[in-house]
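need a 3D model of the sequence below.
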Amino acid sequence: DEGTIRVLGEPLADEMQERIGYLTEERGLYRKMTVIDQLLFFAAIKIVTQYERILIFTLGRTSPEEIKGPGWVFVVPLVQRGVKVDLREQFIEVPSQTNITKDNAPINIDFLIYWRIADPYRSVVEVQDFNGALQNIATTTLRAVIGDILLDDVLSKREQINEVPRVKMDEVTERRGGKV
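Residues are numbered from 1 along each chain as shown. The predicted model follows:
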């Protein structure tokens, strides 16, 4: 009887050993998959703060409806890409520049531009570098305004000089999603 049990027990023991080995390999694979799944899940979650919005590109395409935030935003890795846009008011300090007035007098002018993003979709899709574009538009506009004014008027009409470039820059930046 003992020999029979032993003979019958060995194949059963081998079979059990194979099953246990298979299950541990399967569990190891399961553990690896859950770690990979967790990493993909955490890579897909983007936290968008109150003053930001995120524009989602899916396979390189987007639309105005793809602006998300604030809060948690799910971005599918390898398929979607998110571009964050800051909606807070910002400023650009333009260094001193020499401009020529209407009466050919050189004058040095430095100025600040306060701006913010009004439309995140247009600010990302329609212009590559919004900050640089705004600085160039402001410099060109101010040169044109100063070039139309006499030196005496430049010194006495500061408010008018401030208002004219702001209105002209608003017209241009509004089409690109900004507000000066």
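
quick one: average pLDDT of the strand or helix carrying Ile92?
Applying DSSP states H and E as the criterion places Ile92 in strand 90-100. Computed over strand 90-100, the mean pLDDT rounds to 88.

off-centre distance for the helix or strand just after it?
Going down the chain from strand 90-100, the next helix or strand is strand 106-117, by DSSP H and E. Relative to the centre of its chain, strand 106-117 is centred 25 Å away, using C-alpha atoms, centre = their mean, to the nearest Å.

same check on stretch 112-132?
11 Å.

how long is it end to end?
Terminal residues of stretch 112-132 are spaced 14 Å apart (C-alpha to C-alpha, to the nearest Å).

buried sites along the strand holding Ile92?
Using 16 or more other C-beta atoms under 10 Å as the test for burial, strand 90-100 gives Val94, Asn99. To be clear about C-beta, it is placed using only N, CA and C from the backbone, and glycine gets the same treatment.

okay, now the sheet partners of that strand, with direction.
Strand pairing for strand 90-100, determined by DSSP bridges: strand 106-117 (antiparallel).

helices of the protein, start to end?
Assigned by DSSP state H, the chain shows helices spanning 2-44, 120-125, 130-147, 151-156, 158-174.

and the ones you listed, which one averages the lowest pLDDT?
Of all these, mean pLDDT reaches its minimum on helix 2-44 (a mean of 61).

so who does the residue most central in space within the chain touch?
In the chain, the centroid-proximal residue (C-alpha atoms, centre = their mean) is Lys84; its distance is 2.2 Å. Neighbour list for Lys84: Val48, Glu52, Arg53, Ile54 [criterion: C-beta atoms under 8 Å, 6 or more residues apart in numbering].

how does it look with 7 Å?
Lys84 makes contact with Val48, Glu52, Ile54 under the criterion C-beta atoms under 7 Å, 6 or more residues apart in numbering.

and for Ile45?
Each residue near Ile45 by C-beta under 7 Å, 6+ apart is listed here: Trp72, Phe74.

out of the contacts of Lys84, who has the most neighbours?
Per-residue neighbour counts (other C-beta atoms under 10 Å) across the contacts of Lys84 peak at Ile54, which has 20 neighbours.

so what's the closest residue to it other than its chain neighbours up against?
Of all residues not flanking Ile54 in the chain, Gly82 sits nearest, at 4.4 Å (C-beta to C-beta, 6 or more residues apart in numbering). Taking C-beta under 7 Å, 6+ apart as the criterion, Gly82 is in contact with Lys46, Ile54, Leu55, Ile56, Val73, Val75.

try Asn99
By C-beta under 7 Å, 6+ apart, the contact list for Asn99 reads Ile107, Ile109, Arg143, Ile146, Gly147.

so the fourth one touches Asp153, yeah?
No - Ile146 lies out of contact with Asp153 (C-beta atoms under 7 Å); the separation is 9.9 Å.
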